[in-house]
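[1] 3D, please:
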Amino acid sequence: MINANCGFCQTGVESICHVLFTCPKAKETWDLSQIPLPPAGFSPSSVLLNLHYLLRCNRSPNIASNIRQKFLWILWHLWKARNALTFELTQSDPSSIMQRATEDSETWFKVDAPVTQSDVPSREERSVGPQWKKPMPHSLKCNIGCCWDPVSGNVGASWRIRDHAGSVLFHSRRSYSRISSLAEAELLSFIWAIESTQGLRFGRMLFESPLLQARKVLLEPHLYPQLRPLVDAIFSFLRTFDSWSLEHIAFSANMVANAIAHSVITGYWYQYQSYIARNGPVWLNNITSAEALAT
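    Reported below is the predicted structural model:
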């Protein structure tokens, strides 16, 4: 017999409306969103009414744009969390759902922002979070990005190399498939970046990344014996450099590498082609230019 109960709460009957709006996990996620919620709560039976309410909020000038615009990503990640539980038996807590929705929303609107001659962040905009900073003179910096889909196991890995003037020398992306954990995905992204830059004959490199799971594994590899071969590969490649450093940074300081990684497995189409190219991707020129002028 098919179990019709919600996989999250095991009490309500699973429906689109329940999963996205009225399940306790969905309610807690929406509470974290800072979006003003309906006084009587979301409708338990009408997805249309709930979407109509969220669209009205999205047009409200009284709600900050970075808050009201992320509702689509909240819906998307709630449904992805449901699929991950159904097909992979992987649980996602409301805070992690909200974090991923916020990150994807910020990446999308950064990338989709129109390019104008005045596209230089204001002091207030620059203070929203730590931003990318130029390396020291005559130094190079490689930013590493990763995006992992827990349902399909597909991974987008990326990196971007810039000099002290903010000019992009190279960028790259590649895909991996059937990856079982976020930590493995992030370590593979590290390997791709470090191996590629070593292959380009760079002798000195500062590597930066916001990838938290990789950081945990690299700091305490003895706690993750199953990932030890990947850790060993990373340090094996690093030892071929004359000088290197590996630093953890905020997500907001890694916007372009994040966007490139997301482009591999998200959006309306999948872009699994892997490549290494000179300069930066044209579709991210506005962010790259703003970063170079702001730091």
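
[2] drop to CA atoms for contacts and neighbour counts, all remaining ones
    OK.

[3] could you pull out the strands for the stretch 51-200 of the chain?
    Secondary structure of the stretch 51-200 of the chain by DSSP state E, counting those that start in this stretch: the strands cover 140-148, 155-163, 168-176.

[4] now these as JSON lines including mean pLDDT, mean neighbour count and distance to Cys9?
    Output for these, formatted as JSON lines (pLDDT from 0 to 100; neighbours: other CA atoms under 10 Å; distance: least, CA to CA, whole Å):
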{"stretch": "strand 140-148", "mean pLDDT": "95", "mean neighbour count": "26", "distance to Cys9": "25"}
{"stretch": "strand 155-163", "mean pLDDT": "95", "mean neighbour count": "27", "distance to Cys9": "29"}
{"stretch": "strand 168-176", "mean pLDDT": "95", "mean neighbour count": "22", "distance to Cys9": "33"}
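
[5] Show me the one of these that comes nearest Gln213.
    Closest of the strands of the stretch 51-200 of the chain to Gln213 is strand 140-148, at 10.9 Å (criterion: CA to CA).

[6] So which other helices or strands are in contact with the closest one?
    Contacts defined by 3 or more CA pairs under 8 Å, 6 or more residues apart in numbering; DSSP states H and E place strand 140-148 against strand 155-163, helix 182-199, strand 204-209, helix 255-265.

[7] Out of those, which one sits most buried?
    strand 155-163 (a mean of 27; mean count of other CA atoms under 10 Å).

[8] Direction included, what does that one pair up with?
    strand 140-148 (antiparallel), strand 168-176 (antiparallel) (DSSP bridges).

[9] Quick one, which of those strands gets closest to Asp242.
    Judging the strands paired with strand 155-163 by CA to CA, what sits closest to Asp242 is strand 140-148, at 12.9 Å.

[10] pull the CA atoms of the closest one into CSV?
    Only the C-alpha atoms of strand 140-148 are listed here, as CSV (Å, rounded to 0.1, in the frame of the first residue of the first chain):
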residue,chain,number,x,y,z
LEU,A,140,47.5,35.6,-8.4
LYS,A,141,44.3,34.4,-6.7
CYS,A,142,42.2,31.4,-7.7
ASN,A,143,38.6,31.3,-6.4
ILE,A,144,36.9,27.9,-6.3
GLY,A,145,33.1,27.2,-6.5
CYS,A,146,30.9,24.1,-6.2
CYS,A,147,27.3,23.2,-6.7
TRP,A,148,25.9,19.8,-5.7
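
[11] now the angle from that strand to strand 204-209?
    30 degrees (axes from the mean of the first three to the mean of the last three CA atoms, to 10 degrees).

[12] before we move on, the earlier item: which of the strands paired with strand 155-163 sits closest to Leu32?
    strand 140-148 (22.7 Å).

[13] Now do that closest one: distance to the chain's middle.
    Relative to the chain's own centre, strand 140-148 is displaced by 11 Å; criterion: CA atoms, centre = their mean, to the nearest Å.

[14] before we move on, the earlier item: now the helices and strands packed on strand 140-148 in JSON lines, with distance to Leu85?
    Formatted as JSON lines, the helices and strands packed on strand 140-148 follow (distance: least, CA to CA, whole Å):
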{"stretch": "strand 155-163", "distance to Leu85": "19"}
{"stretch": "helix 182-199", "distance to Leu85": "15"}
{"stretch": "strand 204-209", "distance to Leu85": "28"}
{"stretch": "helix 255-265", "distance to Leu85": "20"}
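
[15] Any idea which of these gets closest to Leu140?
    strand 155-163 (4.7 Å).

[16] Now do the contacts for Leu238.
    194, 244 (CA atoms under 8 Å, 6 or more residues apart in numbering).

[17] For Ala261, see how far away it is.
    As judged by CA to CA, to the nearest Å, Leu238 and Ala261 stand 22 Å apart.

[18] now swap in Pro130 and tell me
    Counting by CA to CA - Pro130 and Ala261 are separated by 20 Å.

[19] same question, Ser167
    20 Å.

[20] can I see the domain layout of this protein?
    In the assignment given by automatic domain parsing, the structural domains of the chain cover 16-112, 129-294.

[21] Out of the ones you listed, which gets nearest to Ala4?
    Among the domains of the chain, domain 16-112 sits nearest to Ala4 (CA to CA), with 11.9 Å.

[22] Low-confidence stretches in the chain?
    1-3, 110-129, 267-272, 295 (pLDDT under 70).

[23] Helices along that one, start to end?
    Here the chain has its helices, by DSSP state H, at 16-17, 24-32, 47-58, 65-68, 71-88, 94-112, 123-126, 182-199, 212-219, 228-238, 255-265, 285-294.
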